[in-house]
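In: Quick check, what structure comes out for this input:
(one chain, ligands or ions: 3)
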Amino acid sequence: MTEPKIEAYIDPAGGWGSAKSLAKYLVRERIPASGAALLNKQNKPDGYMCVSCAWAKPAKPHLFEYCENGAKATLWEQTAKRVGPDFFDSHTVTELLGWPDHDLEEKGRLTHPLRYDRGTDKYVPVEWAEAFAEIGRELQALRAENPRAAVFYASGRASLETSYMYALFARMYGNNNLPDSSNMCHETTSVALPQSIGVPVGTVLLDDFEQTDLILFFGQNVGSNAPRMLHQLQEARKRGVPIITFNPLRERGLERFINPQNPIEMLTNASTEISTQYHQVKAGGDLAAITGMCKALIAADREAGAEGRPRILDHRFLAEHTHGLAEFVAFCDAQDWARLESRSGLTREAMEAAAAVYARATSVIGIYGMGLTQHRKGVETVNMLVSLLLLRGNIGKAGAGICPVRGHSNVQGQRTVGIAEKPELVPLDRLAEQYGFEPPREKGMNTVEACEGVISGEVKAFVGLGGNFIRAVPDTTRMEQAWRRLRLTVQVSTKLNRSHLVHGEIAYILPCLGRIEIDEQSTGPQAVSMEDSTACFHGSRGFTRPVSEHVRSEPWIVAELAKATLPPNPKVDWDGWVADYARIRDAIEATYPKLFKDFNKRLFEPGGFRKPLAARERKWETETGKANFIVPEGLEADPDMASDRRDVLDLITIRSNDQFNTTVYGYDDRFRGVEGTRMVLFMNGSDIERLGLEDGGEVDLATEAKDGHRREVAGLRVVKYDIPAGNCAGYYPELNVLVPLWHHDEQAHTPAAKSIPVRIRRPAELPAHD
Ligand SMILES: Nc1nc2c(c(=O)[nH]1)N[C@H]1C(S)=C(S)[C@@H](COP(=O)(O)OP(=O)(O)OC[C@H]3O[C@@H](n4cnc5c(=O)[nH]c(N)nc54)[C@H](O)[C@@H]3O)O[C@H]1N2
Ligand SMILES: Nc1nc2c(c(=O)[nH]1)N[C@H]1C(S)=C(S)[C@@H](COP(=O)(O)OP(=O)(O)OC[C@H]3O[C@@H](n4cnc5c(=O)[nH]c(N)nc54)[C@H](O)[C@@H]3O)O[C@H]1N2
Ligand SMILES: [Mo]
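Out: Ligands and ions are numbered 1, 2, ... in the order given. Below is the predicted model:
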């Protein structure tokens, strides 16, 4: 690692910086030129779907329909490096526990199934059959005792086919313990949107971007985390569409962008300004900021009515389609501006300026990411954003709608085909009929509950379909301690990570194919499918040779786990499914006939085929049969924040431009001007001064919580940054140690990773470690 360097980044997002960053990875991962050509297949109708984010894939793709970070994800997966038996023979698990996340994954792809050997403290190669025999025996024994004792986690990458089989396996095992990464991510959306508009996912399609005349952009770092969306934003800006951004940090991708795939822009350095208004709301202040906008609109509408001018609110839509308007108006009227200002961190003028642009626009898209969902009041904030859209009828019309930007490439799809701890989201009766078993009806564990179950000892076995659970969840120290008491841990993975090293008494790593590799089964090479952020389904084919003859496909691994664990059931043809994935798709269609009509026929439809969504047609599948205005309990962003304590700051945990979740590609965050380190703390200049710190100095952080647990991170470098006073920010997963498990959204249980009460100390002030 080179000496860390911190220097403001002045170039736009995209551009030559992006091209340069990519070239570095081609060399480092030892990718031959043919591997780079592979990228031309990325996100194409006849190609493979990117393994990075879930952003929509257009029917008429650009020549290169990938971004810097999507390409990095491909190269990271398609690396020529391998971690095989030799590697594990020369490193004990205890030694590897001392390695940084980056180094573990950087060693390359896993090639052999492995079992932990207590005697040598090493992972040793094992035959597949032997692995399944022991795992099956263990799972059966637990099931006899308590079928709730096993948890089946999924990170959002596995295909619809794998996910459907995995969820069925868990239910036939006897529980709905199917937490997935969305429990840490957009669970807030899955709770809020059904309450407000009766659908669990966003309503916006790519076409809407071509017709919109205003984009509201909340808490999503598009330049790093969904860069392909910059194409839609740039095109909209070129049409003169304003983009109003709400984000505590000034994010480069939300300021200026050069399309690296446009030679003219590249040669002339012609960047597009992305945001026309940039509001640096305080962490968690969106609830107040959006309320302020609603208040301004309601007042302007009343005034227009009194003066006989055209109304601001869409009264016809409101009367025909919504419920709860009167209470909502009363709530907004009752909030005074001084409180809205102090809660949001914005001035009344700023909120009114945003409202004024909104009042003039006829088709508005509201986009959001983790900046809204990972808060104590996340659900209420998303409800509030939908209410703002409803005021002018911006749901269910062209060019308008709500657009949660989903994370993992198939996280939305996993929910669609049954990976859900909530039994009411799954057609259990149909499954019962299709497969002749009695599905469990009791609610399963979500991610936070699974963590609680591990701590309490109720959970005894953990199966992970991808992901890096122990690194992604809150309260790292407590969780790692409790984790070691598990009887069984099984991880289906492509690369080595911390969740393999902190393991149960019996532990297996089962290496699988990545989506980009050719998946050859007895009937020939197989395709899989996923659902993007705009609820369109796409097929995906592999193109490269498998990393090793010992790795297996995810559907095969899930089928073998199920066969080894469950009593035979003539109605579930695990082997037939694995032989031909089209048969899994037929089974999916049989369970969800409306969503997946003619699934196999439509698999490779350009642009994907759409999931029917009632709210798009202005049909409201809510309890009231209308779109609901939902009044929040209050404007307090976070009951855990002692807002009067000036020495307690509100910590936001974010991603760098050089990571995918817990996968750390490198130590640079180009857009934020950080090079060579991730141990930084972005702070406002006035807080640095007030607390007697220095820019570049070292500090330690401790969570402010009175539950008797000590949560500390040492050795962070202070970086003076454009961020509201009272807020600070640093990188996930390094700072997960600081997030208390109970610090989550009140309704959705999404960990509130965007507002953690912390105290900052210079190292000397910390009491000695015990
Ligand atoms: N390259 C890359 N792509 C990714 C990922 C990755 O790690 N790397 N992760 C994938 C996954 S799983 C997900 S969920 C998405 C995550 O993508 P994002 O939703 O962009 O997630 P974060 O990086 O956590 O950043 C959230 C943004 O919200 C802002 N923010 C923080 N607090 C607040 C707040 O209170 N209000 C507002 N308005 N803004 C706030 C932060 O400054 C930051 O810009 O990206 C996906 N795509
Ligand atoms: N503090 C804080 N915590 C957070 C967040 C935050 O913003 N702040 N964000 C949360 C969010 S939004 C999310 S989604 C979670 C992410 O949580 P996870 O989804 O659990 O974590 P990832 O880092 O995406 O998982 C990386 C691992 O997945 C495996 N993998 C990669 N590709 C494949 C594949 O094709 N198949 C299989 N089987 N395995 C594969 C590799 O072994 C790799 O090491 O973290 C959450 N935690
Ligand atoms: Mo996510």
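In: What is the longest strand of the protein by residue count?
Out: strand 712-720 (DSSP state E).
In: Could you tell me how far stretch 732-747 lies from the centre of the chain?
Out: 15 Å (Cα atoms, centre = their mean, to the nearest Å).
In: anything in the longest strand of the chain sitting right up against ligand 2?
Out: No - under the criterion of Cβ under 6 Å from any ligand atom, ligand 2 is not reached by strand 712-720; the shortest gap measures 11.5 Å. C-beta coordinates here come from the backbone N, C-alpha and C atoms, glycine included.
In: just checking, what packs against that strand?
Out: Judged by 3 or more Cβ pairs under 8 Å, 6 or more residues apart in numbering; DSSP states H and E, strand 712-720 is in contact with strand 680-683, helix 685-690, strand 698-703.
In: who's in contact with whichever helix or strand comes after that strand?
Out: Moving toward the C-terminus from strand 712-720, the next helix or strand (DSSP states H and E) is strand 727-731. Residues outside strand 727-731 that contact it (Cβ atoms under 8 Å, 6 or more residues apart in numbering) are 248-249, 282-283, 649-656, 659, 669, 678-684, 687, 701, 716, 721, 723, 758, 760.
In: would JSON lines of the helices and strands packed on strand 712-720 with distance to ligand 3 and mean pLDDT be doable?
Out: Shown next, in JSON lines, are the helices and strands packed on strand 712-720 (distance: least, Cβ to the ion, whole Å; pLDDT from 0 to 100):
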{"stretch": "strand 680-683", "distance to ligand 3": "21", "mean pLDDT": "98"}
{"stretch": "helix 685-690", "distance to ligand 3": "29", "mean pLDDT": "96"}
{"stretch": "strand 698-703", "distance to ligand 3": "22", "mean pLDDT": "96"}
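In: Single out the most deeply packed of those.
Out: Highest mean neighbour count of the helices and strands packed on strand 712-720: strand 680-683, a mean of 24 (counted as mean count of other Cβ atoms under 10 Å).
In: partners of it, with directions?
Out: Here strand 680-683 is paired, per DSSP bridges, with strand 712-720 (parallel), strand 727-731 (antiparallel).
In: thinking again about what came up before, determine which of the helices and strands packed on strand 712-720 approaches S163 most closely.
Out: For S163, the closest of the helices and strands packed on strand 712-720 is strand 698-703, at 34.5 Å, according to Cβ to Cβ.
In: tell me what the closest one is packed against?
Out: strand 712-720, strand 756-761.
In: what residues does it touch?
Out: 651, 681, 693, 710-718, 730, 735, 738-740, 756-763, 766.
In: Any of the residues you listed buried? List them.
Out: 651, 681, 693, 711-713, 716-718, 730, 735, 738-740, 756-761 (16 or more other Cβ atoms under 10 Å).
In: ok, now how distant is K24 from ligand 3?
Out: The spacing between K24 and ligand 3, counted by Cβ to the ion, to the nearest Å, is 26 Å.
In: Let me know the secondary structure of the closest residue to R616 other than its chain neighbours.
Out: Distances taken as Cβ to Cβ, 6 or more residues apart in numbering place T203 nearest to R616, at 5.2 Å, with adjacent residues excluded. Following DSSP: H, G, I helix; E, B strand; the rest coil, T203 is assigned to coil.
In: residues near N225, how many?
Out: Counted with other Cβ atoms under 10 Å, the neighbours of N225 add up to 24.
In: Now for it: which residues touch it?
Out: N225 neighbours (Cβ under 8 Å, 6+ apart): C53, N69, G369, V405, G407, R655.
In: switch the cut-off to 6 Å
Out: Listed by Cβ atoms under 6 Å, 6 or more residues apart in numbering, N225 has no contact partners.
In: Flag every residue of the stretch 101-250 of the chain that's near ligand 1.
Out: Contact residues, the stretch 101-250 of the chain versus ligand 1 (Cβ under 6 Å from any ligand atom): C185, F218, G219, Q220, N221, S224, N225, A226, F246, N247, P248, L249.
In: Generate TSV for these, with pLDDT and distance to ligand 2 as supplementary columns.
Out: Output for these, formatted as TSV (pLDDT from 0 to 100; distance: Cβ to the nearest ligand atom, whole Å):
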residue	pLDDT	distance to ligand 2
C185	97	3
F218	98	15
G219	97	11
Q220	96	11
N221	95	10
S224	92	12
N225	94	10
A226	94	12
F246	97	17
N247	97	14
P248	97	14
L249	96	13
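In: And the buried ones among these, selectable in ChimeraX?
Out: Selecting the buried subset of those in ChimeraX, with 16+ other Cβ under 10 Å as the burial test, is done by:
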select :185,218,219,220,221,224,225,226,246,247,248,249
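In: Skipping its backbone neighbours, what lies nearest R256 in space?
Out: R256 sits nearest to P12 (Cβ to Cβ, 6+ apart), 3.7 Å away.
In: Please disregard the earlier target; I meant S522.
Out: Nearest residue to S522 in three dimensions, chain neighbours excluded: A579, at 4.6 Å (Cβ to Cβ, 6+ apart).
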